[in-house]
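*Asks:* have a look at this prediction, sequence included:
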Amino acid sequence: MEGVTGATVTQAMVQPISDAISSNVGVLIPVGIGIMAIMVGVSLIPRIVYKFL
């Protein structure tokens, strides 16, 4: 694999992402739970409907 160079990720590059996540965790957790609930509901509702039909 000649000519392939690896990308270096430094702590300074990751720090803004880490800061954004930690400062907005109060918003991210409820939104994440809501999205997860929608995904579970979408998968369960057809199973429940087909069970009774």
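*Replies:* Done, it's in. Quick caveat: nothing in here was measured; it's all calculated off a predicted structure. Numbering: from 1, shown residues only.
*Asks:* nearest residue to the middle of this protein?
*Replies:* What sits nearest the mean C-alpha location of the chain, by C-alpha atoms, centre = their mean, is Gly32, with 7.1 Å.
*Asks:* and it, what element?
*Replies:* Using DSSP states H and E, Gly32 sits within helix 25-52.
*Asks:* run the chain-centre distance for that helix.
*Replies:* Here helix 25-52 shows a centroid-to-chain-centroid distance of 14 Å under the convention C-alpha atoms, centre = their mean, to the nearest Å.
*Asks:* for stretch 44-53, same thing?
*Replies:* Centroid displacement of stretch 44-53 relative to its chain, using C-alpha atoms, centre = their mean, is 28 Å.
*Asks:* average pLDDT for that stretch, rounded please.
*Replies:* Computed over stretch 44-53, the mean pLDDT rounds to 86.
*Asks:* which SS state does Thr8 fall under?
*Replies:* At Thr8 the chain is in coil, as set by DSSP: H, G, I helix; E, B strand; the rest coil.
*Asks:* quick revisit: local confidence estimate at the residue nearest to the centre of the chain?
*Replies:* On the pLDDT scale, Gly32 is placed at 93.
*Asks:* repeat that for Val4.
*Replies:* Looking at Val4, its pLDDT is 68.
*Asks:* same deal with Met13?
*Replies:* Met13 carries a pLDDT score of 91 in this model.
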